[in-house]
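Chemist: no FASTA, just this:
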């Protein structure tokens, strides 16, 4: 096994995957994110080496942010980030980085959230790799001006829409998919030709430190910068003038980001969250439904994802079968004692743990637990928990859960379910399980959400041909695929004309004949327009 | 209007949207057709109101206010079915079997804040987009064009759904009260200063915004230009477009020094041919809108550094809110007239030694809403397009991109965010919802925990599109 962090040979990956769930916890320099998990020992020499290294954080002095932005603006002005070659080179370097440093990335995520290597690969690494590959394939066509037809009004003329970079972008990432949510927007910024500053989340410090180390090694370290830090650093960054701000995180902080952006008229993309509901009809394949919901929930960072199924509204006739099926799934997935499973992420830290146990312990909720409920604060473990019909005004039904608790609410009809959803803020995702095409159509047209999946969960996230983003309180703007490119571009309209064919009728003095001409010409009455033109020429 | 009343109005409009009425295609088409009808029956009233508000000639009113709104309605009516349809897109191979589509849906209740300079256009044009997208609308016309505001407030309830489409007249107190309500979209046309206030208010409710702002739209003229045509097009873009009081008015000119004298002479000739020897008597030019703006503009001219640079014009008449079409020659780049958006009949003309110098001057300033370039040389066109940024550009003309509905119209940086016109108006007021549909059959067990080594290998092959690997896994020959 390599003594220095690097690519794990494929033959040993299987071994490494299994052992990655075992990790020694050393308290990190950054006490805010200290994690301690006694009883688990590091077994591999590579792990030992990595565990012993605690990368000193390179936090940014708030006073240095002006200089940082000024430097980036110079980089952008130099024009270096604009040629396709530069952009493609960054994307290829990112692919190399993922390939060569996969082991370190998996380890950092394990350290930060106990994310299983399988999840890190599927949800973070493979998604980023696909983003890069897809972008490399299409970059030329994305960058090309788009020709548009022009009308008789400006004849003779031609038009095109020319995409150009906005300039210097700020990407603020989140802790739950700390690698993905840092680099995926950065890919968009790079593709569009911008210089970019990335602020990874301080709540995932191992990943932040790793990004701070690797990005300058692989990417253009002058035009693509990583700034580590917490609230003071983020505030200092937000005080600067950016050409675009891309923020992933909570609704509450989204408002702060947009208010800061308003001072400089900086356009923003806000990828926020909310309570993503699951509507379950009576006519479904219950087993598959339960599996897909369970995977979307606990198999996706242990429900700490913006698009996690938050709660279920199920037709009352199917609720008992559904709950049984979910229980069976959970046993299949995580065994009798999920605290010993290596295939599920931890709760990220003590304060989220407290918050979640608070939701469970609320009066009126705790007696509705039908499965799970166990917890262990030392391990930051809360068992996958199903709650049957908690009160609609309980905290677990009003706040975004972002954790392994799943309320199931029986409803008497899908209409009731839709009304329930529509009285609440628009979610980032809405999931519908049904075989009824008419109901599908109804839900699509009568509810609103950032995105929807029918008969599955979360998979729209990887569908790059669709925009991924929220609406209302769940966010504004979108990205993935070409939408990422567009998110960081200005689409400049360009109309071309020649000097010949200059119509005197455009110009004052506005005689009656000219007015007649213009009226008829603009409205497409060309015969009348020509008559008026001749009349004008005669006079 | 009191803020309690405004809150009640917004509540009612939200109820209308929730009823679902505005979502039906029939409703949208009916409103759009009614706008066309309104224009047909009241064109004279509109023309008169705009003339009262700022002396806009009827030619201009037709070409730049009435016609674009009518044509926006007609375009929307023709394309509505298309625009509202779901768009199918290919899903990711690894998620097959699946179908993926994007379906546009209305945001909900939108606020449109209009401006005074094209008071009919900038009220109705965004509204066409909002209606086409299925939203309920509250419109706040500008109080600085009171005749048009009153006319709109009177006519809209007569022709349109008066419950789901409302007009709220008023000034700063009413606008402030409106901005404190919760909206699903805000569309604002006006100044960057107020644009900041609008966006800050919108941030409180995470309301997406389109801000159509302004700035100093430069004109670059190189020596290859046909100066006669160039000056005519610049002049009509400036004084023929609400007398320089338009967001896309050519603000100042950067002309190659080798032809700057000829340019100024050609411009003087053009102005004479447009407005005669005494433009004060011409009926073909708008007034300055009010005494505040008049004083502001006169203040720009009274600067001692500027007064000596007046190459043409400079006359004024406060009683008529008249300032002559005025040319300034080579004023200092840091003078007030070269720092603020002029928004009036004053045109600074600065001679530059090269295109690079022109580009540097443009790039040292905030990104403008429009940039105009006059040249015959393709290389110069490419250079300027690549090295400058603006909301939109026209080569060898001014302002016409505004009437080109296939081009998105909007700003960048200080000049705004978002865009509209044509389908872009529909998009500005829509949320494009991503929808992925899968069947129940075909469930890949490798997706699910517990994550065995075999599953990991399989999923890796699947995600890397290593189909041979996938097959080998399925056959148990790999992983």
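Modeler: That came through, no problem. Worth saying up front: this structure is predicted, and the values here are computed from it rather than measured.

Chemist: partners of residue B:370 in the sheet?
Modeler: Under DSSP bridges, the beta-bridge partners of residue B:370 are residue B:392.

Chemist: check what pLDDT residue A:535 gets.
Modeler: At residue A:535, the model reports a pLDDT of 78.

Chemist: relative to chain B, how far out is it?
Modeler: Applying Cβ to the nearest Cβ, to the nearest Å, one obtains 16 Å for the distance of residue A:535 from chain B. (Each C-beta comes from the backbone N, C-alpha and C, glycine too.)

Chemist: next, count neighbours for that residue.
Modeler: Residues near residue A:535, counting by other Cβ atoms under 10 Å in any protein chain shown, number 15.

Chemist: same thing with residue A:434?
Modeler: Neighbours of residue A:434 under the rule other Cβ under 10 Å: 22.

Chemist: any idea which helix or strand carries residue A:97?
Modeler: Here residue A:97 sits within helix A:84-100, counting by DSSP states H and E.

Chemist: swap in residue B:61?
Modeler: Counting by DSSP H and E, residue B:61 is part of helix B:58-61.

Chemist: sorry, back to before: now for the helix holding residue A:97, which elements pack on it?
Modeler: helix A:126-143, helix A:180-191, helix A:205-218 (3 or more Cβ pairs under 8 Å, 6 or more residues apart in numbering or on different chains; DSSP states H and E).

Chemist: run the last query once more with 10 Å
Modeler: Here helix A:84-100 touches helix A:102-113, helix A:126-143, helix A:180-191, helix A:205-218, strand A:224-226, going by 3 or more Cβ pairs under 10 Å, 6 or more residues apart in numbering or on different chains; DSSP states H and E.

Chemist: partner strands of the last one and their direction?
Modeler: Next to strand A:224-226 in the sheet, as set by DSSP bridges, lie strand A:195-199 (parallel).

Chemist: can you give me the buried ones in the partner strand?
Modeler: Neighbour-count burial for strand A:195-199 flags A:195, A:196, A:197, A:198, A:199 (criterion: 16 or more other Cβ atoms under 10 Å in any protein chain shown).

Chemist: buried stuff in the longest helix belonging to chain B?
Modeler: Using DSSP state H, we find that the single longest helix of chain B is helix B:25-54. Neighbour counts using 16+ other Cβ under 10 Å place B:27-29, B:31-32, B:34-36, B:38-39, B:42-43, B:46-51, B:53-54 of helix B:25-54 among the buried residues.

Chemist: contacts only, for the closest residue to residue B:156 other than its chain neighbours.
Modeler: Leaving aside its sequence neighbours, residue B:156 sits nearest to residue B:167 (Cβ to Cβ, 6 or more residues apart in numbering or on different chains; 5.3 Å). By Cβ atoms under 10 Å, 6 or more residues apart in numbering or on different chains, residue B:167 lies in contact with B:9, B:112, B:123, B:127, B:137-141, B:149-150, B:152-157, B:160.

Chemist: the same query, at a cut-off of 7 Å, please.
Modeler: Counting by Cβ atoms under 7 Å, 6 or more residues apart in numbering or on different chains, residue B:167 makes contact with B:139, B:141, B:152, B:153, B:156.

Chemist: next one, pLDDT for the closest residue to residue B:388 other than its chain neighbours please.
Modeler: Using Cβ to Cβ, 6+ apart and skipping residues adjacent in sequence, the residue nearest residue B:388 is residue B:362, 5.2 Å away. With respect to pLDDT, residue B:362 scores 98.

Chemist: tell me the secondary structure at residue B:362.
Modeler: Secondary structure, DSSP: H, G, I helix; E, B strand; the rest coil: residue B:362 is helix.

Chemist: relative to residue B:372, how far out is it?
Modeler: Using Cβ to Cβ, to the nearest Å, residue B:362 is found at 11 Å from residue B:372.

Chemist: so for these two, which sits in the more crowded spot?
Modeler: residue B:372 (31 against 22).

Chemist: against chain A, how distant is the more buried one?
Modeler: Per Cβ to the nearest Cβ, residue B:372 is found 10 Å from chain A.

Chemist: part of a strand, is that residue?
Modeler: Yes. Assessed by three-state DSSP, residue B:372 belongs to a strand.

Chemist: residues contacting it?
Modeler: Going by Cβ under 7 Å, 6+ apart, residue B:372 touches B:217, B:219, B:250, B:394, B:398.

Chemist: cool, residue A:395 as well?
Modeler: The contact partners of residue A:395, taken as Cβ under 7 Å, 6+ apart, are A:359, A:362.

Chemist: one more: the one 10 residues further on?
Modeler: Residue A:405 makes contacts with A:356, A:359, A:360, A:385, A:387, A:396, as judged by Cβ under 7 Å, 6+ apart.

Chemist: count of residues packed around the second one?
Modeler: Residues contacting residue A:359 under the criterion other Cβ under 10 Å number 24.

Chemist: separation between the nearest residue in space to it that is not next to it in sequence and chain B?
Modeler: Residue nearest to residue A:359 in three dimensions, not counting chain neighbours: residue A:396, with 4.3 Å by Cβ to Cβ, 6+ apart. Taking Cβ to the nearest Cβ as the criterion, residue A:396 is separated from chain B by 23 Å.

Chemist: any idea how far residue A:396 lies from residue A:292?
Modeler: For residue A:396 relative to residue A:292 (Cβ to Cβ), the value is 22 Å.

Chemist: who has more neighbours, the two?
Modeler: When residue A:396 and residue A:292 are compared for neighbours, residue A:292 comes out ahead with 28 against 25, by other Cβ under 10 Å.

Chemist: the more buried one sits in which helix or strand?
Modeler: Per DSSP H and E: helix A:286-298 holds residue A:292.

Chemist: output the contacting helices and strands for that helix.
Modeler: Applying 3 or more Cβ pairs under 7 Å, 6 or more residues apart in numbering or on different chains; DSSP states H and E, we find helix A:286-298 packed against strand A:309-315, helix A:319-334.

Chemist: got the helices and strands packed on helix A:84-100 as JSON lines, with mean neighbour count and mean pLDDT columns?
Modeler: Output for the helices and strands packed on helix A:84-100, formatted as JSON lines (neighbours: other Cβ atoms under 10 Å in any protein chain shown; pLDDT from 0 to 100):
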{"stretch": "helix A:102-113", "mean neighbour count": "25", "mean pLDDT": "97"}
{"stretch": "helix A:126-143", "mean neighbour count": "18", "mean pLDDT": "97"}
{"stretch": "helix A:180-191", "mean neighbour count": "28", "mean pLDDT": "98"}
{"stretch": "helix A:205-218", "mean neighbour count": "22", "mean pLDDT": "98"}
{"stretch": "strand A:224-226", "mean neighbour count": "24", "mean pLDDT": "97"}
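
Chemist: direction included, what does whichever helix or strand residue A:492 is part of pair up with?
Modeler: Element membership of residue A:492, judged by DSSP H and E, is strand A:489-497. Paired with strand A:489-497 in the same sheet, following DSSP bridges, are strand A:157-165 (antiparallel), strand B:392-395 (parallel).

Chemist: among the ones you listed, show me which one is buried the most.
Modeler: strand B:392-395 (a mean of 28; mean count of other Cβ atoms under 10 Å in any protein chain shown).

Chemist: could you check how far that strand is from the centre of its chain?
Modeler: Centroid separation for strand B:392-395 versus its chain: 14 Å, with Cα atoms, centre = their mean, to the nearest Å.

Chemist: near chain B, which residues of the stretch 1-150 of chain A?
Modeler: Within the stretch 1-150 of chain A, the positions adjacent to chain B are A:14, A:17, A:116, A:118, A:121, A:122, A:126, A:148, A:149, A:150 by Cβ under 7 Å from any Cβ of the partner chain.

Chemist: which one of those is nearest residue B:412?
Modeler: Nearest to residue B:412 out of the residues of the stretch 1-150 of chain A next to chain B is residue A:148 (Cβ to Cβ; 18.2 Å).
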